[in-house]
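[1] Mind looking at a prediction? Sequence and model below.
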Amino acid sequence: MEKTAISVKASKIELNKVKGNALLIGLLKDKLTLSGELKKLDEEYGGIISSYIKNNHFKAEKGETRSVFVNRNIKNLVLVGLGEEEKYNLDVLLNAIADASKKFRDNGTENFSLCLDSFKNKFKEEDVVEKIVLSALIGLYKFTEFKTKDNGKIRQIKQITIITNSNKNFDNEVKYASVVANAVNKTRDLVNMPPNVATPEYMADYAKELAKKSGLKCIVFDEKQIEGMKMGCFINVAKGSINKPRLVILEYYGNDKKQKPIAIVGKGITFDSGGLNLKPYPYILNMKDDKGGAVAAMHIIEACYKLKFPLNLIAIMPFCENMPSGSSFRPDDVLTAHNGMTVEIKNTDAEGRLILADALSYAAEMKPQAIIDIATLTGASLIALGYIGTPFLTTNEKLREKIKNASEKSLEKVWEFPLWQEYEENIKSDVADLKHISEESDAGVIIGATFLKNFVNEIPWAHIDIGTTVWSKADKGVLTKGATGVTARLMMEMLREWK
Ligand SMILES: [Zn+2]
């Protein structure tokens, strides 16, 4: 089904002249006095906002909304509570706008305006505009691809207007946020796509199509070629499935080709049954999300192309399915990775690090300036940070700073875990160079990264474990049930300022 695009624009107009279905106004609990344009607006509508405040019909608690039917230029004035000023930040803004947008959509409203000044507080106008656009576009996401009934009844907002009294046009901010939101939502679409449809071959075709529509270069390697490239870990993980693996490479050159690229490696398991170490119910559910890292990488590189970032990027995405069958790889197998290291298999459900081992050593051969991998690597990430934040680990001080800065700006929460040498003891094998897990199942997030570190040579590297944050059970704020599109906002913020 064709998705209707939501149009967002900033417009300079006096607040009391705004027309349309609804005007959204943000108010702080401890600053419930109307001044400036808001005061004029209130007067224009016969003091209706101030009477709601005076009579305690609206207290501006965080998450509170109150729709006031005025039926003139504007049909509804919608008051949104932002809570206490001290606790007000861009996160609160992001979720307030997303929740309000969802309510409008569900009520059948097709357009609304919002007063920029009322949400601005101490923040820069440009940042607030960006967050408003992002939160509305991400918050309004719905996956309807496989709904065949009542398609005509699926509601969507058509137009959002940000009302400003500033002379700035905010075109750059609207464009950046729209492109990033698109990357997030396309990532969600493809991660949500069921595993019987989104096979490795489907993913490769999708990447080719994406490259055809943009200026990206796409190379796809099939099973025989992957074998020829001596990717013994990747090819063996794929062996249990009739859906054959694909290694997909997307390249973007936004700078002189002599400038070293940044490599983004994404884990692309299209369905993870656990292999012979079959996952029990309910842990086998939603395992279509195990391609979340690769899918994000694909749309991050596309977004960088759309925004013409002045850098070179290579996305490396191994796609395969982890299935149990007579041809599956087994516990006790010893596999030889692309870089020649031998790996003893202890549990076929720890397959992600195996396909990444080959993809990372392939990336390292290209001698990029940095390698960043994004992977739904561990269930241990749930114990580490829950659904709120994403663990990351790195060998490089500059990458650490870049990721932390990008996290602050993008509001995608990450937290660093250590790569202390002591952990290396946990993956020493009796028969091979390495084993791929620690049998003690302690420090899962760190052990995963400690294993991967063996495949990146000395190249600055960061590993982002989206094992938990790839998926949302909640439908609130910018989250919708299902895939989250995690890391797209973070990575775009990092690449935007890459030096
Ligand atoms: Zn697994």
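    Perfect, thanks for sending it.
[2] and the longest strand along the chain with the ion, contact?
    Determined from DSSP state E, the single longest strand within the chain is strand 312-322. No. Between strand 312-322 and the ion, judged by CB under 5 Å from the ion, nothing touches; the nearest distance is 5.9 Å. (Glycine included, C-beta is placed from N, CA and C.)
[3] Parallel or antiparallel, list what pairs with that strand.
    Neighbouring strands of strand 312-322 in its sheet, by DSSP bridges, are strand 246-253 (antiparallel), strand 262-266 (parallel), strand 268-272 (parallel).
[4] can you redo these as a markdown table with mean neighbour count and distance to I447?
    As requested, these are exported to a markdown table (neighbours: other CB atoms under 10 Å; distance: least, CB to CB, whole Å):
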| stretch | mean neighbour count | distance to I447 |
| --- | --- | --- |
| strand 246-253 | 23 | 25 |
| strand 262-266 | 29 | 19 |
| strand 268-272 | 28 | 18 |
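[5] Relative to D127, which of those strands is closest?
    strand 262-266 (24.7 Å; CB to CB).
[6] Point me to the residue of the stretch 1-150 of the chain nearest the ion.
    F143 (23.3 Å; CB to the ion).
[7] show me the contacts for that residue.
    R188, D189, N192, T480, G482, A483 (CB atoms under 8 Å, 6 or more residues apart in numbering).
[8] how much space between it and V191?
    9 Å (CB to CB, to the nearest Å).
[9] ok, now G477?
    19 Å.
[10] cool, and P418?
    On the measure of CB to CB, P418 and V191 end up 29 Å apart.
[11] When these two are compared, which one has more neighbours?
    Using other CB atoms under 10 Å, the more surrounded residue of P418 and V191 is V191, with 27 against 12.
[12] Could you tell me the average pLDDT over the helix or strand harbouring that one, please?
    When secondary structure is defined by DSSP states H and E, V191 falls within helix 171-192. Across helix 171-192, pLDDT averages out at 97.
[13] Equivalent analysis for stretch 62-81, please.
    93.
[14] where exactly do the helices run in the stretch 51-200 of the chain?
    According to DSSP state H, counting those that start in this stretch, the stretch 51-200 of the chain carries its helices in the segments 90-106, 117-120, 125-139, 171-192, 200-213.
[15] In TSV: those, plus distance to I355.
    Supplementary listing: these in TSV, determined by distance: least, CB to CB, whole Å:
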stretch	distance to I355
helix 90-106	34
helix 117-120	44
helix 125-139	29
helix 171-192	17
helix 200-213	11
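[16] For F143 and V191, list the residues in contact with both.
    In terms of CB under 8 Å, 6+ apart, F143 and V191 are both contacted by the residues G482, A483.
[17] circling back to that earlier point, who wins for proximity to A359 among the strands paired with strand 312-322?
    strand 262-266 (4.9 Å).
[18] would you put the C-alpha positions of that closest one in PDB?
    Presented in PDB, the C-alpha positions along strand 262-266 are these (Å, rounded to 0.1, in the frame of the first residue of the first chain):
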ATOM      1  CA  ILE A 262      33.500   4.900   7.400                       C
ATOM      2  CA  ALA A 263      32.300   1.300   7.500                       C
ATOM      3  CA  ILE A 264      28.900   0.500   9.000                       C
ATOM      4  CA  VAL A 265      28.400  -3.200   9.500                       C
ATOM      5  CA  GLY A 266      24.900  -4.500  10.300                       C
END
